[in-house]
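Peer 1: sharing a sequence plus its predicted fold:
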Amino acid sequence: MSLRMVATDFAIDLGTSNILVYKKNEGIILNEPSLIVLDENNTKVLAIGNEAKEMIGKTPSNIHVVKPIVNGVITDFNLTEALLSHFYNEVNPGMAFLQPKVVICVPSGITDIESRAIIDAALHAGSRDIILVDESLAAAFGMGLTPEDPKGLLLINLGAGTTEVAVISLNGIVTSKTLNKGGDYIDEAIIDLIRENKKLDIGKNTAENIKVDLLSLKVKDAEKAIDVDGRDLLTAAPKTVNVSSKDLVDCILPFADDVVSMIYEVLEKVPPELTADIKRDGFALTGAFSKASGLREYIENKLGLSSFMSEDPATDAILGAGKILEDPDRFYKYRK
């Protein structure tokens, strides 16, 4: 076992779907599903991350695939600690006399109790110092924006477990609203729709692939289609059906309207001076699900605002957390 004096500091984005890790001076080094496979007694960890995802829908009944983080909130302290310990060891294998400083992205709407649970899990996993940062604020840093400036920044964060609308100014959240729906919710909606309309039972990984390949609010994509394999609900035999983009509109359109309604609710609470900034600059879109085809344009049309999005919105938050790790004084400016 290797031994070092000082462990390398790093940042981590505790996502509902994926955990991303940024190592100081190196950048993003890990991006794996936030999943754990447990034995029949729920006492032994059999697999974590990518290995665990490959087992979804394929394990015997005595082996369980679980998510210790749901909607950005810890649901099981011990499993989250095990998850963090796994990724900590990936960054800093072996032992160190001085444990690492860690920046952790958390949802803006997190409670004090939930924050304490994350801090406790991180401390038990092996941190010496922990900086919790709002995920939306971290994403703004990661997109190359300047959330520390005295102007209003409207940011829409479309993640796997949650959707958050926030107005940011002077490194703080002026007002925000969170919806416990995101990419994972759309996966479940696709599963339900195909069961109802196609009489086909499919798994979560298949639904996720359908979402990536077909889900769209663009009219030109309506006839785009793929063949989907699953189990016939009537005969239990293997079956293949054809699914088109237009079949999935009912999965995403109500969600898109919910997001627009959230934005209006947030804008109602914004001071007039910041509203003028938003009218001029538009909104920023981040989070893995923001890449859904046509969703950005739909929101733009509903609001009458322009928008900005990075090349890879799924990594905005972790890149921003990395910037905070490298330059914490910029983050602490204007903060108590």
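Peer 2: Cool, got the structure.

Peer 1: center of the chain - which residue?
Peer 2: Nearest to the mean C-alpha position of the chain, by Cα atoms, centre = their mean, lies residue 159 at 3.8 Å.

Peer 1: and the gap between that residue and residue 179?
Peer 2: Residue 159 sits 10 Å away from residue 179, taking Cβ to Cβ, to the nearest Å as the criterion. All C-beta spots, glycine's among them, are computed from the backbone N, C-alpha and C.

Peer 1: residue 194 too?
Peer 2: Relative to residue 179, and taking Cβ to Cβ, residue 194 is found at 24 Å.

Peer 1: these two: which is more packed in?
Peer 2: More neighbours sit around residue 194 than around the other of residue 194 and residue 179, counting by other Cβ atoms under 10 Å; the figures are 24 against 18.

Peer 1: domain ranges for this structure?
Peer 2: Residue ranges for the structural domains of the chain, counted by the TED database, are given in the record as 3-138+318-331, 143-181+252-311, 183-250.

Peer 1: any idea how far apart the tips of the second one sit?
Peer 2: To tie it back to what came earlier, the one meant is domain 143-181+252-311. Between the opening and closing residues of domain 143-181+252-311 lies a distance of 9 Å (Cα to Cα, to the nearest Å).

Peer 1: also the shortest one?
Peer 2: This stretch, domain 183-250, spans 14 Å end to end (Cα to Cα).

Peer 1: can you give the distance of it from its chain's centre?
Peer 2: Taking the mean of its C-alpha atoms, domain 183-250 sits 22 Å from the chain's own mean (Cα atoms, centre = their mean, to the nearest Å).

Peer 1: what pLDDT, on average, does that domain get?
Peer 2: Mean pLDDT, computed over domain 183-250, is 94.

Peer 1: wait, the residue nearest to the centre of the chain touches residue 15, no?
Peer 2: Yes - judged on Cβ atoms under 8 Å, residue 159 makes contact with residue 15 at a distance of 6.4 Å.

Peer 1: list of residues touching whatever helix or strand residue 277 lives in?
Peer 2: Mapping residue 277 onto the secondary structure by DSSP states H and E places it in helix 272-281. Outside of helix 272-281, the residues that reach it under the criterion Cβ atoms under 8 Å, 6 or more residues apart in numbering are 151-154, 167, 169, 174, 267, 270, 305-306.

Peer 1: would you map the helices across the stretch 101-250 of the chain?
Peer 2: Counting by DSSP state H, counting those that start in this stretch, the segments of the stretch 101-250 of the chain that form helices are 112-125, 135-142, 183-198, 204-214, 249-267.
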